[in-house]
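1. This is a predicted model, with the sequence first.
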Amino acid sequence: MKKIILLFLFSNYIFSQEIPSENYFWQYNYNINNGIEGVIGVKNCYVRQDSTANSQLLDSLQIGHKIKVIKNTNANLNIKGLDLSWVEIEYIKNSQIKTGFLWKGFIAVGSTTKGNNTFLTTINSKYRKKIQEKDIEYDAEFYRISVKAIDNKNEIISEKSIDKQLSESVFFENSIVDSWGLKNITEVYRISFSGQACGIPTFHYYFGWTGTSFLLLPEKYNVGDAGVFYHNEEFVFPKEKGGQPNIIIKNITEAENTDDTLEKYTFLVTKLMEYYSWDGKKFKLIKTKKRKPYTEIEN
């Protein structure tokens with residue numbers, strides 16, 4: 001019951017504020033806290049005197065330029081389907097501290113640096129298209145997401161884009177993690193989108209970094225609703241316990257409460273293992289193993 005109330009309160013907060021959901025991808029950096037650093041995520045963008053595309057042009061900034069977000073505004077601009085707010089920014093250029101207004105979509109939703117390279121993630125556009133699943137056709141909302149690697153001169157080394165449905169996600173995270181023994185990979189750039197309430201998935205997307213380019217790796221997601229169901233996915237990479245050379249194993253666990261009238265949760269659990277080969281450039285699903293379902297009782 002508590003989680004249902006939290007879901008209601010959060011949804012009510014979003015709609016009462018009339019803030020398009022994609023604005024929340026920048027939440028921890030640009031929507032709540034002031035004076036937080038950000039990074040320009042596009043090749044070139046314009047800084048204006050006010051929070052409107054018709055206001056006076058003050059300056060231009062290029063990818064990799066660091067800024068500080070002073071405050072979020074209530075003025076929105078829709079570009080490529082993204083209905084995002086303007087932010088007031090502060091930045092240094094030519095040894096001078098400058099201020100102005102910038103459309104939020106020009107700022108990376110997240111960035112992280114390792115060595116001489118900085119990895120950025122941007123949300124480029126939002127669109128709808130029809131999806132056909134068996135006998136059902138429906139409209140689905142997709143985001144074009146890009147990851148970019150820039151060097152210490154802010155030159156783009158590599159860029160990779162994916163189109164994904166993000167359900168009701170409102171949070172974003174990114175990190176650099178170990179290569180786990182994957183051939184031709186020096187490290188992995190991982191990005192995640194998640195929600196606030198029960199039943200909203202957390203999506204994890206993995207990009208192998210070779211030192212010069214991004215390579216797509218398998219993705220995973222987790223979702224659950226306490227006492228009702230859960231779906232968990234976990235990877236086992238070559239150098240991890242139970243790992244195999246040039247193989248990525250995905251362990252999938254699905255569970256559904258079969259009788260919610262009992263004092264203890266009684267889940268019917270199904271486990272599946274997917275095996276992906278990795279040749280140093282791409283992955284391929286080579287086999288699956290399904291275990292016999294079993295009952296799990298939780299307090």
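-> Perfect, thanks for sending it.
2. is it true that Pro238 touches Gly181?
-> Yes. At 3.6 Å, Pro238 counts as touching Gly181 under the criterion of C-beta atoms under 8 Å. Quick note: C-beta positions are derived from backbone N, CA and C, even for glycine.
3. Report the set of residues contacting both of those two.
-> Residues touching both Pro238 and Gly181 (C-beta atoms under 8 Å, 6 or more residues apart in numbering): Pro245.
4. State the number of residues packed around Ile131.
-> 12 (other C-beta atoms under 10 Å).
5. Could you pull up phi and psi at it?
-> phi -120, psi 130 (degrees, to the nearest 10).
6. OK, contacts around it?
-> 137-140.
7. Let's see that with 6 Å instead.
-> Contact analysis of Ile131 by C-beta atoms under 6 Å, 6 or more residues apart in numbering lists 138, 140.
8. same thing with Ile248?
-> 218, 276, 278.
9. Among those, which one lies nearest to Leu285?
-> Tyr276 (5.6 Å; C-beta to C-beta).
10. Contacts only, for that closest one.
-> 218, 248, 283, 285.
11. How about Phe171?
-> Residues near Phe171 by C-beta under 6 Å, 6+ apart: Ser194.
12. try Ile252
-> 233, 272.
13. Quickly list what it is bridged to.
-> Glu233, Leu272 (DSSP bridges).
14. just the one 5 residues further on next, same as before
-> When assigned by DSSP bridges, Asn257 has beta-bridge partners Phe267.
15. Tell me how far it lies from Leu268.
-> 8 Å (C-beta to C-beta, to the nearest Å).
16. Could you list the buried residues of stretch 112-132?
-> 112, 117-126 (16 or more other C-beta atoms under 10 Å).
17. Let's have these in CSV, adding distance to Phe171, secondary structure and pLDDT.
-> Formatted as CSV, the buried residues of stretch 112-132 follow (distance: C-beta to C-beta, whole Å; DSSP: H, G, I helix; E, B strand; the rest coil; pLDDT from 0 to 100):
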residue, distance to Phe171, secondary structure, pLDDT
Thr112, 16, strand, 96
Asn117, 25, strand, 96
Thr118, 21, strand, 97
Phe119, 18, strand, 98
Leu120, 18, strand, 97
Thr121, 13, strand, 98
Thr122, 16, strand, 98
Ile123, 13, strand, 97
Asn124, 19, strand, 97
Ser125, 20, strand, 97
Lys126, 17, strand, 96
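18. Can you name the two of those residues that sit furthest apart?
-> Asn117 and Lys126 (28.0 Å).
19. thinking again about what came up before, overlap in contacts, Asn257 and Leu268.
-> Taking C-beta under 6 Å, 6+ apart as the contact criterion, no residue touches both Asn257 and Leu268.
20. Tell me which residues touch Trp26, please.
-> Contacts of Trp26 (C-beta under 6 Å, 6+ apart): 104, 109.
21. nope, Ser175 is what I meant
-> So Ser175 contacts Arg190 (C-beta under 6 Å, 6+ apart).
22. what bridges to it?
-> In beta-bridge terms (that is, DSSP bridges), Ser175 pairs with Arg190.
23. any idea of the pLDDT on it?
-> pLDDT for Ser175: 96.
24. Tell me the spacing between it and Ile191.
-> On the measure of C-beta to C-beta, Ser175 and Ile191 end up 8 Å apart.
25. same thing with Ile247?
-> 23 Å.
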